[in-house]
Structures are given as structure tokens and as C-alpha cells.
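A.B. asks: what's the 3D shape of this:
(one chain, ligands or ions: 1)
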Amino acid sequence: MTLPVPTPDAVHDLVCSARGCREEATWGLLWNNPKLHTAQRRKVWLACDGHRAQLEEFLGTRSFLRDTVPATDLPTTDLPETEQPAADG
Ligand SMILES: [Zn+2]
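C.D. replies: Sure, this is the predicted structure:
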């Protein structure tokens, strides 16, 4: 019997989560709020190099931060580009 492995939420665009920042995210901050999320849930905040420490501190002071991983290690959603609306009907 094995415990479920925590799974980060999939991300789509690797853009920093800091307010007003549009830098490419290089880090994924994995966090969990035990009051809201199951133990295996990992919410993901994306951070550029400049905002990583700030966002880590924000989550750390609330004891939500679980891990920081390179953004390239995060699962990504592969949403289809829907430039052409399907005309079925
Ligand atoms: Zn940033």
C-alpha cells in the first residue's frame, strides 16, 4: 500500500504570479492550505527569479509553502488552440 504522491496543479502559461508581473516564470512554488485543500493537493504559484523570494516568504509565513521546483518540472496543460471555433450545429 502506497500513499498518494502529492500532485501539483497543472499550469498553462509560465508567467510569474506576482501582481502586475509578466515575466517568464522560472520557479514553481508548491503550496497547500490545510483548511482548504486535501493533503495531497498542491497549488502552484509561478515566480520569476525576481519574485521567488517574495512569494516564498508570503507562503512561508503562513506555513503554506511545501516545495519550490523549477518551472520546467511542473505539469503543464496542453490546451488546444481554438482559433477556429468548431462549427458543429
Ligand atoms: Zn515576477
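A.B. asks: Contacts only, for residue 24.
C.D. replies: Taking C-beta atoms under 8 Å, 6 or more residues apart in numbering, we find residue 24 in contact with 14, 15, 16, 48. The way it works is simple: take the backbone N, C-alpha and C, and place the C-beta from them, glycine included.
A.B. asks: so who does the closest residue to the last one other than its chain neighbours touch?
C.D. replies: Leaving aside its chain neighbours, residue 48 sits nearest to residue 23 (3.6 Å; criterion: C-beta to C-beta, 6 or more residues apart in numbering). Going by C-beta under 8 Å, 6+ apart, residue 23 touches 15, 16, 48, 49, 50, 51.
A.B. asks: Take those and lay them out in TSV including distance to residue 9 and pLDDT.
C.D. replies: What follows is these, written out as TSV (distance: C-beta to C-beta, whole Å; pLDDT from 0 to 100):
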residue	distance to residue 9	pLDDT
15	15	96
16	16	97
48	19	98
49	22	98
50	23	98
51	19	98
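A.B. asks: For ChimeraX, write the selection for the buried entries among those residues.
C.D. replies: Paste this into ChimeraX to select the buried members of the contacts of residue 23, with burial taken from 16 or more other C-beta atoms under 10 Å:
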select :16,48,51
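A.B. asks: Contacting the ion as well, which ones from the contacts of residue 23?
C.D. replies: Among these, proximity to the ion is found for 16, 48, 51 (C-beta under 5 Å from the ion).
A.B. asks: Give the buried residues for the helix or strand encompassing residue 53.
C.D. replies: Under the assignment given by DSSP states H and E, the secondary-structure element containing residue 53 is helix 52-61. Of the residues in helix 52-61, 52, 55, 56, 58, 59 count as buried by neighbour count, 16+ other C-beta under 10 Å.
A.B. asks: can you tell me if that helix touches the ion.
C.D. replies: No: counting by C-beta under 5 Å from the ion, the ion has no neighbours in helix 52-61; the shortest distance is 8.1 Å.
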